[in-house]
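1. Need coordinates for the following:
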Amino acid sequence: MERSTSGARRVGAASGTLRDRLAAAQTEIGHLRAEVGGLRDATPAHSTQMAALLDVVAELAPATAAADVCHIAGAAVKGLVPEATVVTSYLDVAAGRFCLADVLGAERYLTVVERLIGRDPLSLGCTALEAPAHLVALYTDGRLHAIPGGLGELARGLLPGPAARGIEKVLGVGPVHVVGLAWEGRYYGGITLLLPPDADLLDRIDTIEAIARQASIALQRSFSMQAHLESEARLQASADRLRAALEATVAAMGAVMLTRDPYTDAHQRRMTALSVATARKMGLSGHDVDAVRLAGGIHDIGKVGIPAEILSRPGPLSDAEYELVKEHPQVGHDILSSIDFDWPLADIVLQHHERLDGSGYPKGLRSDEVLPAAQVLAVADVVEAMTSHRPYRPALGMEAALAEVQSGRGVRYAPAAVDACVSAVRDDGFTLPD
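-> Numbering: from 1, shown residues only. Model (predicted):
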């Protein structure tokens, strides 16, 4: 009996322990169920916040203007905190000013505010140097901060005293929170939330800060792009000025021949017009057409080294005089080679009397050794010369000139240049200028 009673006690004790364990387990399960239920209840709000964040990311991707970035971020925060007045601002880098982008949720007050400050509230701003340091600091770490002094402190930092006090009185809001739109410690803008006294942001802080981070990245991209475009614009303006100066230099060189040899000046102008028409007909790039145009205008600049009486001689030249004339491409090259053009003008001028079969001068170059621009000039030079009156012979006419270059097509002259020149004259009606 005793043994049996003792056994019953042990069984009872064991049963009690088991019941306690079962009870503890059931209690734990209850806690877990409560937590799961709480998570289930929180999921819709969390999902809404995640969806809002994803929408912001998608909308910010194509945004390039700082104001647009602020509009998107401000609207997203307003959707997340509908009870707040959401103010977005950005730094106008060019003007060095903080500017308001939006005031959402306080539209009914804007007219009153405008009367108080005497201007459109969205035109508010202060120079970066005037911005209070303690306020700027709140906007540079990407975290949501409460401003202890509320709207009054914020307004006093940006506006004259009377206007600041008037705005605070009119808006009559409670807590003020700010989150900066900053990246790597550099301020680009900010989002300010003016809240009713009983507002609670605790469950939305992470999402607000996440929206601010995405907007910060977009603003940094916007300002970088703006700086890049401005830099490119300055470089382009500088390049345009340099190009204009170089072209003016080329024109001045070409004008040298007008005072020394009017015939050569007219030849260069007419030959250049035909060269450009030929180059365009060939489909050369704008850069290459410019090379043809500029080189054509000075291709005979080397003739400044030839005595004027030889250039204007009405009769045939002696062998020695002709050899002297043949030096003008080299002389022109030597004049131009010290100038850093965007195009190989010196080499084009040097080669404009070269021929594909090596029969030209001064180097006797062949085929692809001759630059394309020089091949164009070679054809146009012959055509213009044959159609113009020379001191030693009358003009031979356009058809004779075209027949000449066609007879040398693929031998002395580049086929593409010959075909384009003939087509410009016969198909397009090109005529040499007077």
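2. where does this structure have low pLDDT?
-> 1-47, 93-98, 106-137, 149-174, 257-260 (pLDDT under 70).
3. how does it divide up, domain by domain?
-> Annotated domains of the chain cover 58-225, 245-426 [automatic domain parsing].
4. helices or strands next to the helix or strand hosting residue 216 in the packing?
-> Counting by DSSP states H and E, the element that carries residue 216 is helix 205-260. When contacts are defined as 3 or more Cβ pairs under 8 Å, 6 or more residues apart in numbering; DSSP states H and E, helix 205-260 packs onto helix 2-60, helix 66-80, strand 144-146, strand 176-183, strand 186-194, helix 262-282, helix 286-297. In this view, the C-beta of every residue, glycine as well, is placed from N, C-alpha and C.
5. For residue 87, what are phi and psi?
-> Per-residue torsions, residue 87: phi -110, psi 130 (degrees, to the nearest 10).
6. hmm, I was thinking of residue 352
-> Per degrees, to the nearest 10, the backbone of residue 352 is at phi -70, psi -10.
7. what's near enough to touch it?
-> When contacts are counted by Cβ atoms under 8 Å, 6 or more residues apart in numbering, residue 352 touches 295, 299, 329, 374, 377-378, 381.
8. how close does it sit to residue 240?
-> 28 Å (Cβ to Cβ, to the nearest Å).
9. same deal with residue 147?
-> To residue 240, residue 147 is 49 Å away according to Cβ to Cβ.
10. which one of these two has more residues nearby?
-> Per other Cβ atoms under 10 Å, whichever of residue 147 and residue 240 has more neighbours is residue 147, with 18 against 10.
11. Grab the nearest non-local neighbour of the more buried one.
-> residue 176 (4.5 Å; Cβ to Cβ, 6 or more residues apart in numbering).
12. does residue 86 sit in a helix, a strand or a coil?
-> Recorded secondary structure, residue 86: strand (DSSP: H, G, I helix; E, B strand; the rest coil).
13. residue contacts, it?
-> 74, 77-78, 102-105, 191-194.
14. Kindly reformat these as CSV containing neighbour count.
-> Shown next, in CSV, are those (neighbours: other Cβ atoms under 10 Å):
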residue, neighbour count
74, 24
77, 27
78, 19
102, 19
103, 22
104, 18
105, 18
191, 29
192, 23
193, 26
194, 23
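15. which among the residues you listed gets closest to residue 206?
-> residue 77 (12.7 Å; Cβ to Cβ).
16. burial count for the residue lying closest to residue 190 once chain neighbours are set aside?
-> Distances taken as Cβ to Cβ, 6+ apart place residue 139 nearest to residue 190, at 4.4 Å, with adjacent residues excluded. Residues near residue 139, counting by other Cβ under 10 Å, number 25.
17. was I right about residue 139 contacting residue 186?
-> No - using Cβ atoms under 8 Å, residue 139 and residue 186 do not qualify as a contacting pair, with a distance of 10.5 Å.
18. The residue nearest to residue 147 contacts residue 196, correct?
-> No - Residue 176 is beyond contact range of residue 196, at 11.4 Å (criterion: Cβ under 8 Å).
19. Neighbour count: those two, which is higher?
-> Between residue 176 and residue 196, counting by other Cβ under 10 Å, residue 176 is the more crowded of the two (24 against 12).
20. how far away is the nearest residue in space to residue 344 that is not next to it in sequence from residue 303?
-> Distances taken as Cβ to Cβ, 6+ apart place residue 371 nearest to residue 344, at 6.7 Å, with adjacent residues excluded. Computed with Cβ to Cβ, the distance linking residue 371 and residue 303 is 21 Å.
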